[in-house]
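S.K.: Here's my sequence, what's the structure:
(chains A and B)
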Amino acid sequence: MNVETHNATITGPVELEIMSSSGANVEVFVFDGSKHLARHAFKFGEDTFVVDLPGMAVGQHPITVFVLALTNLNRMYSVLVSFNHEIVAVADGNIPEGGDNDSGSGTLTLTV
Amino acid sequence: MRKTIAKGSLASSIVCLATAAVCNAAEDPNNINNYLVDITAGAVSAAGIASLDSGITTIETAQDLVVAIQPLTSADQKSAFGLAITPAKTTLFPMPGDVYVKNSWWRLLGNLTLSYAQNEAELSGQTYQKRAISLDTVYFFRLQDDPVYAASDAFQRCSDDTAATVNEKLSDLLQRKVAQKITEVQFKEEQKKILGDRGTETRGCIADELSKAPWNSGRLSISVGQGRLRGIGSSYSLGRQFNLNAQYPAGTQGLIQVSLRRANRALDTDTLGQPQVDFKSSRLAAVRYTYGGEGSSALRVLVEASNAKSSSANAFRDAFMYALGVDKKLAKGMWLEFRLGRSRANDSGTEQTSGLLSLNLAPSLFEFKK
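M.R.: Residues are numbered from 1 along each chain as shown, chains lettered A, B, ... in the order given. The predicted model follows:
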């Protein structure tokens, strides 16, 4: 799985938004360095998960996004991660044939 | 081992009663399936109309599609093959889960399966080719009973329950990466293992959750199909078939099932080779009540009535008008079983009543400790 990422600069307060429109079951993890920021497993009918991060300090943050997808209705996954509505990570594709799950990660620098 | 008043194996009958599922109807008077109308989902399928038992390719990807339609396009045509595609479940036209659960129409569309089958048949000394197409879908009355939604719901619960562990593992992995204790390649490998293991564990948890689903969830299935029989210089319709089946729970132990089937202008293959071939149209309505479908139940009852007629099309002719099955657990591994059915005979159309009582003893009752 390829998780495409983009560096971003935002002004606080910080709001993290994870969106999924997948036929697979999708779980997304977001870390700041090694500090866990957010995690969400989407069930069908949910397309957005939002979390406020008021404690995120001004400065540069090395962000890592992990995505795990398991086949369900089909193999398709489509995930977006954004900070303050600025898209920083995208994972879009299909779980390869012959397997029932796929995973990947991407890193970026977020400047607050 | 079993003691019977009428001979035959009833093990399969028990399973049929317990699950209200399809069992292959054998020529076994004990088999409850021989007393029942087929009211299971998807009873009208292209493969069924073309009498194709195997070799059906399920299409998920574009490559599958190319391989599946090869027999249609190549010079060396295969005589027997079938394909089935549920577009929403493929990578060609994948339906997002949030669309699937939006409303009933999307769920009907999400489960819509198109199938095609062709086969060869030897009838009245001539080789014919059967070709058939069908459409079918299934709809669960309650969203939470739909296996697709239930799996996504279970996925969230299972994932949330074990979130702390995986967060810790990923955090530890990132710490080692930042401290340059592992290379980028090692990081990717370990990440793949952590998330791969999580995928496997979560899938196991989902399967456990789904196994707790009620046995009698309410659902509706609809299927339509039609077929054609082609010989040298002749072509006949195998009829158009329509099938609507519905089931609804009656408490935790009971299940009511209704089946409506219609066949229009189906060829009576017995008349092939005669000066005038015959086509028949028929309607079949059946209702069935099942009690005690849960595995722990000590009493299982199945009652069914249908409007089967001797003039019905081939597919419906052997259906029973009335059928009753009662299984009573006398002791562990010991069941008293009763079957009664009134039907119209296939050949003569005359009505007949069949009944039997048997005692089924599990083989484990005859195993002695050394």
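S.K.: Can you report how many residues lie near residue B:208?
M.R.: 11 (other Cβ atoms under 10 Å in any protein chain shown). Quick note: C-beta positions are derived from backbone N, CA and C, even for glycine.
S.K.: which SS class is it?
M.R.: helix (DSSP: H, G, I helix; E, B strand; the rest coil).
S.K.: Roughly how far does it sit from residue B:286?
M.R.: Here residue B:208 is placed at a distance of 35 Å from residue B:286 (Cβ to Cβ, to the nearest Å).
S.K.: Residues of chain A that sit close to chain B?
M.R.: Residues of chain A lying near chain B by Cβ under 8 Å from any Cβ of the partner chain: A:21-25, A:27, A:29, A:31, A:33-36, A:39, A:41-47, A:62, A:64, A:66, A:68, A:70, A:72-76, A:78, A:94, A:97, A:100-101, A:103, A:105.
S.K.: out of those residues, which are inside strands?
M.R.: Here DSSP state E is the test, and the residues of chain A next to chain B give A:25, A:27, A:29, A:31, A:35-36, A:39, A:41, A:62, A:64, A:66, A:68, A:70, A:76, A:78, A:94, A:101, A:103, A:105 as lying in strands.
S.K.: among the residues of chain A next to chain B, which ones are buried?
M.R.: Those of these that meet the buried threshold are A:21-25, A:27, A:29, A:31, A:34, A:36, A:39, A:41-44, A:46-47, A:64, A:66, A:68, A:70, A:72-76, A:78, A:94, A:101, A:103, A:105, by 16 or more other Cβ atoms under 10 Å in any protein chain shown.
S.K.: how about residue B:179, phi and psi?
M.R.: Main-chain dihedrals, residue B:179, degrees, to the nearest 10: phi -80, psi 0.
S.K.: Give me the pLDDT value at the nearest residue to residue B:327 once chain neighbours are set aside.
M.R.: Spatial nearest neighbour of residue B:327, excluding adjacent residues (Cβ to Cβ, 6 or more residues apart in numbering or on different chains): residue B:300 at 4.1 Å. Here the pLDDT value assigned to residue B:300 is 85.
S.K.: can you check residue B:37 too?
M.R.: Residue B:37 is assigned a pLDDT of 66 by the prediction.
S.K.: Look up phi and psi at the residue in chain A sticking out farthest from the centre.
M.R.: The C-alpha centroid of chain A is most remote from residue A:98, which lies 24.8 Å away (Cα atoms, centre = their mean). Backbone geometry at residue A:98, expressed as degrees, to the nearest 10, gives phi 100, psi -10.
S.K.: what are the bridge partners for the residue nearest to the spatial centre of chain A, then?
M.R.: Nearest residue to the geometric centre of chain A (Cα atoms, centre = their mean): residue A:81, 4.2 Å. Assessed by DSSP bridges, residue A:81 has beta-bridge partners residue A:18, residue A:89.
S.K.: Tell me how many other residues surround the residue nearest to residue B:327.
M.R.: 24.
S.K.: Could you double-check that residue A:54 sits in contact with residue A:112?
M.R.: No. Counting by Cβ atoms under 8 Å, residue A:54 does not reach residue A:112; the two are 11.3 Å apart.
S.K.: thinking residue B:285 is in contact with residue B:259, fair?
M.R.: Yes. The pair residue B:285 / residue B:259 is scored as a contact, 7.1 Å apart, by Cβ under 8 Å.
S.K.: any idea how far residue A:84 lies from residue A:92?
M.R.: 22 Å.
S.K.: Tell me where the model's unsure across the chain.
M.R.: Here I'm looking at chain A. Low-confidence segments of chain A, defined by pLDDT under 70: none present.
S.K.: ah, no, chain B please
M.R.: For chain B, the stretches with pLDDT under 70 are B:1-44, B:55, B:69-78, B:295, B:308-320, B:344-349, B:364-370.
S.K.: Swap in 90 and give it another go.
M.R.: Across chain B, the ranges flagged by pLDDT under 90 are B:1-84, B:92, B:117-131, B:212-215, B:229-239, B:241, B:251-253, B:261-288, B:290-370.
S.K.: Do a quick rundown of the helices in it.
M.R.: Along chain B, the segments classed as helices by DSSP state H run B:11-19, B:46-49, B:62-73, B:97-100, B:104-110, B:147-161, B:163-178, B:184-211, B:314-317.
S.K.: most packed of those?
M.R.: Highest mean neighbour count of the helices of chain B: helix B:46-49, a mean of 26 (counted as mean count of other Cβ atoms under 10 Å in any protein chain shown).
S.K.: contacts for that one?
M.R.: For helix B:46-49, the external contacting residues (Cβ atoms under 8 Å, 6 or more residues apart in numbering or on different chains) are B:52-53, B:56, B:82, B:84, B:115-117, B:130, B:132-134, B:225-227, B:238, B:241.
S.K.: same thing with stretch A:6-16?
M.R.: With Cβ under 8 Å, 6+ apart, stretch A:6-16 has contacts from A:30, A:37-38, A:50-54, A:56, A:58, A:81-89, A:108-112.
S.K.: I'd like to know which of those residues are buried.
M.R.: A:30, A:37-38, A:53, A:56, A:81-84, A:88-89, A:108, A:110, A:112.
S.K.: residues contacting residue A:51?
M.R.: A:15, A:16, A:37, A:38.
S.K.: Compile these into TSV and extend it with columns for distance to residue B:88.
M.R.: Below are those laid out as TSV (distance: Cβ to Cβ, whole Å):
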residue	distance to residue B:88
A:15	33
A:16	31
A:37	34
A:38	30
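S.K.: quick one: which two of those residues are the most distant?
M.R.: A:15 and A:37 (11.6 Å; Cβ to Cβ).
S.K.: what is in contact with those two at once?
M.R.: Contacts common to residue A:15 and residue A:37, judged by Cβ under 8 Å, 6+ apart, are A:51, A:53.
S.K.: how about the strands in the stretch 251-370 of chain B?
M.R.: Under the criterion DSSP state E, counting those that start in this stretch, the stretch 251-370 of chain B contains strands at B:254-268, B:278-291, B:299-306, B:320-331, B:334-344, B:351-361.
S.K.: Take the fourth one, keep the C-alpha atoms, and write them as CSV.
M.R.: Once non-C-alpha atoms are left out, strand B:320-331 reads as follows in CSV (Å, rounded to 0.1, in the frame of the first residue of the first chain):
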residue,chain,number,x,y,z
PHE,B,320,-44.7,-31.5,-1.6
MET,B,321,-48.0,-30.1,-0.8
TYR,B,322,-47.7,-30.6,2.9
ALA,B,323,-44.7,-31.6,4.9
LEU,B,324,-44.1,-32.1,8.6
GLY,B,325,-40.9,-32.9,10.5
VAL,B,326,-40.5,-33.2,14.2
ASP,B,327,-37.3,-34.1,16.0
LYS,B,328,-37.3,-34.7,19.8
LYS,B,329,-34.1,-35.1,21.7
LEU,B,330,-34.6,-38.0,24.1
ALA,B,331,-31.1,-38.0,25.6
